[in-house]
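>>> requesting a structural model of the entry that follows:
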Amino acid sequence: MSPAAPIINCSLHDQPLSESAEEAATTHHEPALVAECHAAAATTPDAESTRDRRAIAEMASKAYRRASAKSNVLSRTKLQDIALVSMDELTVGELLGKGSFSNVHEITKIALKGTNSDELDDVGNSHSPRSLLAATYLRNPPNDKSPDASPTCRYAVKFLKEDIRKNHKRYAVGTTDLVVEGLFLASLSHPHIIKVRGLPEGGVNAMIDSGSGAGDTRGYFLILDRLFDTLSDRIYNHWAVQHAEGELVKKEHVSVFDRMMLRASANGRVRELVEERNENLAIRVKVAFDIAAALKYLHEKRIIYRDLKPENLGFDVRGDIKLFDLGLVKELHPDAQDRNGNYKLSMAGTPRYMSPECGMYRHYNLSADVYSFSMLLWEIIALEKPLQGFSFSQLKKEVFQEGFRPPLKTIWHKGLRTLIAAGWSQNPNKRPQMDEVYEKLKQIYTALKPGRVSEEEVSHSRRRSTYVPDMWSRISIRHIMSVEGKE
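Have a look, this model is predicted:
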């Protein structure tokens with residue numbers, strides 16, 4: 001039904017990392033929650049009983065209330081616009097991606113209980129989140145007026161892996177991650193941040209019956225826009241392939257562009273080659289610019305992402321880049337700053353893209369994301385994996401301590417070289433802020449396409465699609481995120 005999509009699976013070296021392998025799943029959470037998870041795990045090593053699942057649901061509910069109570073960003077009312085469905089209303093298809101804790105599967109069908117096809121056909125008049133979700137799960141459905149269009153599944157479902165659900169501590173942390181991630185995604189609205197479309201109808205109660213014979217065994221879940229390839233796929237399976245000839249010439253330490261220019265100067269094709277080179281670069285700069293827009297939006301809300309890498313960025317059905325997997329995001333509160341403007345946060349992220357101060361267990365702030373973005377920008381432009389083959393001990397010594405960085409000579413554009421060098425500075429105070437990075441990339445992009453960039457293309461002012469929910473479909477958020485409707 002849908003085009004085949006690669007299964008997303010990072011190598012071990014590109015998995016998120018925190019203080020130790022044992023604590024990799026817990027250290028980015030509030031200390032009180034971590035303590036609860038450890039205490040529960042000490043008495044109940046697995047999560048098979050209803051009692052254990054209830055305890056986990058209560059922990060997730062507490063984390064939800066704790067996060068939203070002191071937040072300037074998270075909004076309970078935003079969750080009222082999200083479709084509430086049960087897992088047995090979904091037909092789960094192929095595996096699209098997998099991470100340390102969760103799997104993401106295609107949704108091939110949504111069949112709502114007590115809803116007939118006539119009601120779905122009339123969705124234009126009702127606009128309830130549930131009916132709209134069910135009516136739009138296919139792009140170009142079989143009855144579409146375009147006979148040549150093939151149907152494509154729009155949505156995906158994210159839930160915890162089976163082995164995670166069998167371990168009490170990891171199940172508790174994973175469920176809490178999903179609950180808080182769903183709250184963040186529902187509260188944020190940006191063209192380049194993935195949007196949550198559906199949540200479990202019973203909220204955290206959905207997992208209490210999970211595995212007891214009364215419901216689906218997969219627990220809490222998120223329904224998200226489906227992504228069709230990651231930025232990593234795009235870099236190495238598309239852009240790098242297009243530049244294969246350049247890669248061969250690079251081994252001889254001679255620019256392929258310089259060689260082409262020498263040949264072109266004899267036949268007057270210099271301008272044509274310059275335009276072709278600029279156009280190819282502009283495509284990649286635009287993707288980086290869109291990512292910078294998403295990070296700028298988060299930073300304006302004092303949210304640090306902490307795990308920026310190509311595997312956490314993907315392209316939707318329209319080809320728009322989306323930041324996804326908000327499992328390590330953290331809202332920063334001014335009253336928690338130290339005298340240098342930094343925060344006492346855990347070491348969290350993926351080593352290859354991790355800032356030195358984070359990797360060395362020091363206090364850090366939003367500039368850690370700027371470092372990660374600069375490493376990612378180098379990868380997008382150079383079409384190479386940064387710090388390829390480095391072990392973590394090498395990263396710690398040569399990169400975190402001694403300041404080694406990937407070579408900039410592979411990037412011909414001076415403005416990009418300057419921006420990258422500033423962004424991955426060893427001194428966090430010398431790095432530009434994301435709004436500065438955003439503006440610089442905007443200038444570079446428009447210069448690469450003189451007179452051909454519209455204001456709408458660089459404004460990032462609105463999403464490409466929205467839901468207009470009907471009031472009758474809104475269920476009290478107090479019921480959704482409380483155990484048995486009681487807070």
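
>>> any idea whether residue 390 is helix, strand or coil?
coil (DSSP: H, G, I helix; E, B strand; the rest coil).

>>> same question, residue 106
Going by three-state DSSP: residue 106 is strand.

>>> residue 200 against residue 221, yeah?
Yes. Counting by Cβ atoms under 8 Å, residue 200 touches residue 221, with 6.0 Å between them. Quick note: C-beta positions are derived from backbone N, CA and C, even for glycine.

>>> got a list of what residue 366 touches?
When contacts are counted by Cβ atoms under 8 Å, 6 or more residues apart in numbering, residue 366 touches 299, 302, 304, 332, 433-434.

>>> ok, now how distant is it from residue 300?
10 Å (Cβ to Cβ, to the nearest Å).

>>> what of residue 230?
Using Cβ to Cβ, residue 230 is found at 26 Å from residue 300.

>>> which one's more surrounded, the two?
When neighbours are counted by other Cβ atoms under 10 Å, residue 230 and residue 300 differ, and residue 230 comes out ahead with 24 against 11.

>>> how many residues are close by the residue lying closest to that one once chain neighbours are set aside?
Once flanking residues are discounted, residue 230 sits nearest to residue 314: 4.8 Å by Cβ to Cβ, 6 or more residues apart in numbering. By the criterion of other Cβ under 10 Å, residue 314 has 28 neighbours.

>>> just to be sure, residue 314 is in a helix?
No. With three-state DSSP as the criterion, residue 314 is strand rather than part of a helix.

>>> my read: it touches residue 324, true?
Yes. Residue 314 is within contact range of residue 324, at 6.1 Å (criterion: Cβ under 8 Å).

>>> quick check: neighbours shared by these two?
Jointly contacting residue 314 and residue 324 under the rule Cβ under 8 Å, 6+ apart are 194, 227.

>>> so which residue is smack in the middle of the protein?
The residue lying closest to the centre of the chain (Cα atoms, centre = their mean) is residue 324, at 1.6 Å.

>>> how about the strands in the stretch 151-300 of the chain?
With DSSP state E, counting those that start in this stretch as the criterion, the stretch 151-300 of the chain has strands at 152-153, 155-160, 196-200, 221-225, 229-230.

>>> neighbouring strands of the first one in the sheet, and parallel or not?
Partner strands for strand 152-153, per DSSP bridges, with pairing direction: strand 138-139 (antiparallel).

>>> tell me the mean pLDDT over the partner strand?
Averaging pLDDT along strand 138-139 gives 82.

>>> got any ranges where the stretch 351-487 of the chain has weak pLDDT?
Applying pLDDT under 70 to the stretch 351-487 of the chain picks out residues 461-487.

>>> helices along that one, start to end?
Listed in chain order, the helices of the stretch 351-487 of the chain (DSSP state H, counting those that start in this stretch) span 356-359, 367-382, 392-394, 414-423, 434-448, 477-480.

>>> which helices and strands sit right next to the fourth one?
Helix 414-423 sits against helix 367-382, helix 434-448, with contacts defined as 3 or more Cβ pairs under 8 Å, 6 or more residues apart in numbering; DSSP states H and E.

>>> then the fifth one?
With contacts defined as 3+ Cβ pairs under 8 Å, 6+ apart, the packing partners of helix 434-448 are helix 270-300, helix 367-382, helix 414-423.

>>> next: the first one.
In this structure, helix 356-359 makes packing contacts with helix 367-382, judged by 3+ Cβ pairs under 8 Å, 6+ apart.

>>> quick one: the helix it packs on to helix 414-423, angle?
With axes from the mean of the first three to the mean of the last three Cα atoms, to 10 degrees as the basis, helix 367-382 and helix 414-423 are set at 150 degrees to each other.

>>> could you give the angle of helix 367-382 to helix 270-300?
Using the same axes, to 10 degrees, helix 367-382 lies at 160 degrees relative to helix 270-300.

>>> how much space between residue 357 and residue 289?
Between residue 357 and residue 289 the computed distance is 26 Å (Cβ to Cβ).

>>> can you give me every residue that contacts residue 456?
Taking Cβ under 8 Å, 6+ apart as the definition, residue 456 has no contacts.

>>> likewise for residue 334?
The contact partners of residue 334, taken as Cβ under 8 Å, 6+ apart, are residue 302.

>>> show me this protein divided up by domain.
Domain assignment of the chain by automatic domain parsing yields the ranges 12-226, 230-458.

>>> nearest residue to residue 94 other than its sequence neighbours?
In this structure, residue 94 finds its nearest non-sequential neighbour in residue 106, 5.1 Å apart by Cβ to Cβ, 6+ apart.

>>> now the strands of the stretch 151-300 of the chain as JSON lines including mean pLDDT?
Output for the strands of the stretch 151-300 of the chain, formatted as JSON lines (pLDDT from 0 to 100):
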{"stretch": "strand 152-153", "mean pLDDT": "86"}
{"stretch": "strand 155-160", "mean pLDDT": "94"}
{"stretch": "strand 196-200", "mean pLDDT": "92"}
{"stretch": "strand 221-225", "mean pLDDT": "95"}
{"stretch": "strand 229-230", "mean pLDDT": "92"}
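
>>> of the helices of the stretch 351-487 of the chain, which is nearest residue 65?
helix 477-480 (10.0 Å; Cβ to Cβ).

>>> and residue 106, bridged to which residues?
Residue 106 has these beta-bridge partners by DSSP bridges: residue 156.

>>> any idea how far residue 186 is from it?
Noted for residue 106: a distance of 22 Å to residue 186, by Cβ to Cβ.

>>> just want to know which of these two has more residues nearby.
Using other Cβ under 10 Å as the criterion, residue 106 and residue 186 rank with residue 186 on top: 23 against 20.

>>> verify the contact between that one and residue 79 for me.
Yes. Under the criterion of Cβ under 8 Å, residue 186 makes contact with residue 79 at 4.9 Å.

>>> overlap in contacts of the two?
Contacts common to residue 186 and residue 79, judged by Cβ under 8 Å, 6+ apart, are absent.

>>> SS state for residue 71?
Residue 71 - assigned by three-state DSSP - is coil.

>>> count of residues packed around it?
Quick note: residue 71 (other Cβ under 10 Å) scores 17 neighbours.

>>> also residue 388?
Counted with other Cβ under 10 Å, residue 388 comes out at 9.

>>> how close does it get to residue 405?
To residue 405, residue 388 is 13 Å away according to Cβ to Cβ.

>>> over to residue 334?
31 Å.

>>> what do you get for residue 103?
Taken as Cβ to Cβ, the span from residue 103 to residue 405 is 35 Å.

>>> which one's more surrounded, these two?
More crowded of residue 103 and residue 405, by other Cβ under 10 Å: residue 103, with 21 against 17.

>>> with only the CA atoms kept, save the helix or strand harbouring that one in PDB.
Per DSSP states H and E: residue 103 is located in strand 102-110. In PDB, the C-alpha atoms belonging to strand 102-110 read as follows (Å, rounded to 0.1, in the frame of the first residue of the first chain):
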ATOM      1  CA  SER A 102      10.400   2.300  21.400                       C
ATOM      2  CA  ASN A 103       9.400   1.000  18.100                       C
ATOM      3  CA  VAL A 104       7.500   2.900  15.400                       C
ATOM      4  CA  HIS A 105       5.100   1.100  13.100                       C
ATOM      5  CA  GLU A 106       3.000   2.200  10.200                       C
ATOM      6  CA  ILE A 107      -0.800   2.500  10.700                       C
ATOM      7  CA  THR A 108      -2.500   0.900   7.800                       C
ATOM      8  CA  LYS A 109      -6.100   1.400   8.900                       C
ATOM      9  CA  ILE A 110      -8.100   3.200  11.600                       C
END
